[in-house]
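Trainee: quick one, structure for this:
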Amino acid sequence: MFDRLLREMLDKTPGALGATIMGYDGVPVACLTPKGKRSDQEIGDDLWEAASIDLLLSIAEIQKATDRLDAGNVDQVTIQTGAFTLLMRPLSEHYVLVLALENEAWAGKGRYIMRVVGAEIRQELL
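Mentor: Coordinates of the predicted model:
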């Protein structure tokens, strides 16, 4: 059901390494990588899943901080490492959209595509 939307996001974002819709429990709902790329880029499935759970917990903690500041909901989180950039956009109180990019990729375009495609995914989740 979500593969078409994730594929659209990957195809429209040069330098995309993968996209996933994940529950805050760490369980992926859908995951897709561009054709010709290895899944999870150099790290094993177990390590990727554990790291994803930690990242999702970080989003939850950031949301708690914005709640204390009465600053509204977290709209997006960006984490850039030496190996890749992760863009994360909460879709609901239960799901988050994650886009992994090469560091040289245009993160601004990725954020725009995530906003547009994320709205469609959100409708599918409801």
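Trainee: residue 115: which element?
Mentor: Using DSSP states H and E, residue 115 sits within helix 107-125.
Trainee: in this structure, what secondary structure element scores lowest on mean pLDDT?
Mentor: helix 45-68 (a mean of 75; mean pLDDT, DSSP states H and E).
Trainee: and the next helix or strand past that helix?
Mentor: Next in sequence after helix 45-68, counting helices and strands by DSSP H and E, comes strand 77-80.
Trainee: nearest spatial neighbour of residue 105, skipping sequence neighbours?
Mentor: residue 15 (2.6 Å; C-beta to C-beta, 6 or more residues apart in numbering). C-beta coordinates here come from the backbone N, C-alpha and C atoms, glycine included.
Trainee: return the set of buried residues in the helix holding residue 115.
Mentor: By neighbour count on 16 or more other C-beta atoms under 10 Å, the buried set for helix 107-125 is 107, 110-111, 113-114, 117-118, 121.
Trainee: please apply the same query to stretch 96-106.
Mentor: Buried residues in stretch 96-106, counted by 16+ other C-beta under 10 Å: 96-101, 105.
Trainee: can you give me the end-to-end distance of that stretch?
Mentor: 21 Å (C-alpha to C-alpha, to the nearest Å).
Trainee: chain center to it: distance?
Mentor: 8 Å (C-alpha atoms, centre = their mean, to the nearest Å).
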